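Asks: Sequence first, predicted coordinates after that:
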Amino acid sequence: MTDTQISADPCTETVQLTIPCRAEYVGVARLTILGVTGRIPFSYDEVEDIRLAVGEACTHAVERTGTDTATIRITSTLDTVALTIEVTDNIAEADKAAPSEEARLLEEAGVDQAGLGALLMEILVDEVKIDTSPTGTTVLLTKYTPK
Amino acid sequence: MTPTTQKKAQDWTQDDAETLFARYARSHETQMRDRLVAMHQNLVRYLAGKFVNRGEPLEDLIQVGTIGLINAIDRFDSGRGTKFSTYATPTIVGEIRRYFRDKAWSLKVPRRLQELNQTASKAQEALSSKLGRPPTIQEVAQRIGATEEETLEAIELGNAYDTVSLDSKMMHDSDSSPLSLAEFVGAEDKSLLSLEAFGDLDYALEALDPRERAIIIHRFFKDMSQAEVAKQLNISQMHVSRLQNRALSQLRRLMVSE
């Protein structure tokens, strides 16, 4: 079952999207963020960086989940200073998957996906905050808007 | 020959890497550096792969990323306790991002989206008549050889990159009738005022340096006077005027030369 609602609140400039935590839906999140950033005078480079960062956060949730039913909620908030995008999953500790074969091979080749993913996001946007709880993980991405 | 030099590149483990780094830092021997580069190709491939959707071939991005890798190898101090991949990632990614910036890539890629948009539209029409119904995104993607995401982007959002309007008015300082940006940029040659010539204004703006771009935006789209802009940017009005003229010539040059 898919559940992709997009609602825009004109007062607070918040856009929220919930997707199934599956690889084929990460593109939907990236496209929504493309739509959101289209209204802000970011450069093309910056838009692509933001989309990549959001895609990374979503992909890490997809890698982490061991169930079919997890979801990712992406909330973007625009104020006078910055665009903030929150990527939250509901993957409980008990529902985490063992690292996939691909992840294991990458790890052996010196690519620590989780660690590098966080580092990559920090390079792409201005601030990154990651909060892990027993009920899920939240990644908060902040990109200052052009003056 | 010592046992370590008999190993193939892919058999090296992290421990071997540490030894190699320490030895390389002391000797700077090319052969050692090449081995270190080979060992970390996976890292470069992994990072370069993140940037494939921006219109440049993966192989080129890997080459560019490898330059960053080499710089990181040269500067890495294995005694510091940082993992090399953590140390090298910003350098590798930085090199790739700089490659895009230097290519005035932001001028080219939106055009690629427009071209893909046209290709996708034609494919939609062709498939419609063939199938007797509107095609699915999957069918269009398959036909044009793009991913579903790219196809969706091209069809739905090819126009998402704000087209800055050439009719945007600017208040002329002497309170005479407002002039449009089109008139300013095309001032030297009236024939330039055709819409086609100005199709890339949006993207030409991206190529200006940030201060020049800010001046154009403040003056032409926010209706600010030169005095107000000067105050905003904390420079003299004459400086604003000079920068504005420079920005306009730059825009003219960028949009006319094809």
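Replies: Cool, the structure landed.
Asks: Quick check: what element follows the longest helix belonging to chain A along the chain?
Replies: Secondary structure of chain A per DSSP state H: the longest helix is helix A:44-64. Note on helix A:44-64: by DSSP states H and E, the next helix or strand toward the C-terminus is strand A:71-78.
Asks: From the chain's centroid, how far away is that following strand?
Replies: 8 Å (Cα atoms, centre = their mean, to the nearest Å).
Asks: Helix or strand next in line after that strand, which one?
Replies: With DSSP H and E, the next secondary element past strand A:71-78 is strand A:82-89.
Asks: Show me what that next one is packed against.
Replies: Strand A:82-89 makes packing contacts with helix A:26-37, helix A:44-64, strand A:71-78, strand A:136-144 when contacts are defined by 3 or more Cβ pairs under 8 Å, 6 or more residues apart in numbering or on different chains; DSSP states H and E. All C-beta atoms are positioned from the backbone trio N, CA, C, and that covers glycine.
Asks: Name the residues that touch it?
Replies: Contacts to strand A:82-89, defined as Cβ atoms under 8 Å, 6 or more residues apart in numbering or on different chains, come from residues A:21, A:29, A:33, A:36-37, A:40, A:50, A:53-54, A:57-58, A:61, A:64-65, A:70-78, A:126, A:136-145.
Asks: Could you list the residues of chain A in contact with chain B?
Replies: Proximity of chain A to chain B is confined to A:27, A:30-31, A:34-35, A:38-39, A:41, A:43-45, A:48-49, A:52, A:56, A:106, A:109-112, A:115-116, A:119-120, A:123, A:147 under the rule Cβ under 8 Å from any Cβ of the partner chain.
Asks: And for the residue lying closest to residue B:232 once chain neighbours are set aside, the neighbour number?
Replies: Leaving aside its sequence neighbours, residue B:232 sits nearest to residue B:218 (Cβ to Cβ, 6 or more residues apart in numbering or on different chains; 6.6 Å). Summarising burial for residue B:218: neighbours were counted as other Cβ atoms under 10 Å in any protein chain shown, giving 21.
Asks: where does chain A dip in pLDDT?
Replies: Low-confidence segments of chain A, defined by pLDDT under 70: A:1-12.
Asks: what do you get if the cut-off is 80, keeping everything else the same?
Replies: With pLDDT under 80 as the threshold, chain A has low-confidence stretches at A:1-12, A:39, A:44, A:102, A:108-110, A:147.
Asks: Just give the closest residue to residue A:59, not the sequence neighbours.
Replies: residue A:26 (5.8 Å).
Asks: Next: residue A:95.
Replies: Closest residue to residue A:95 apart from its sequence neighbours, by Cβ to Cβ, 6+ apart: residue A:67 at 4.8 Å.
Asks: Distance check, the one you found against chain B.
Replies: For residue A:67, the distance to chain B (Cβ to the nearest Cβ, to the nearest Å) stands at 25 Å.
Asks: Return the residues in contact with residue A:65.
Replies: A:21, A:89, A:91, A:95, A:96, A:97.
Asks: Please indicate which of the contacts of strand A:82-89 are buried?
Replies: A:21, A:29, A:33, A:36-37, A:40, A:50, A:53-54, A:57-58, A:61, A:64-65, A:70-78, A:136-143 (16 or more other Cβ atoms under 10 Å in any protein chain shown).
Asks: can you give me the helices for the stretch 1-150 of chain B?
Replies: Taking DSSP state H, counting those that start in this stretch as the test, the helices found in the stretch 1-150 of chain B are B:3-6, B:14-27, B:30-39, B:41-48, B:58-75, B:84-102, B:105-131, B:137-144, B:148-157.
Asks: And these: which comes nearest residue B:208?
Replies: helix B:105-131 (10.9 Å; Cβ to Cβ).
Asks: so how far is the closest one from its chain's centroid?
Replies: For helix B:105-131, the distance to the chain centre is 21 Å (Cα atoms, centre = their mean).
Asks: neighbours around the residue nearest to residue A:95, how many?
Replies: 13.
Asks: From residue A:73, how far out is it?
Replies: Distance, residue A:67 to residue A:73, using Cβ to Cβ, to the nearest Å: 16 Å.
Asks: do residue A:44 as well
Replies: Applying Cβ to Cβ, the value for residue A:44 to residue A:73 is 27 Å.
Asks: Equivalent analysis for residue B:58, please.
Replies: Taking Cβ to Cβ, one finds residue B:58 at 32 Å from residue A:73.
Asks: No more questions from me, cheers.
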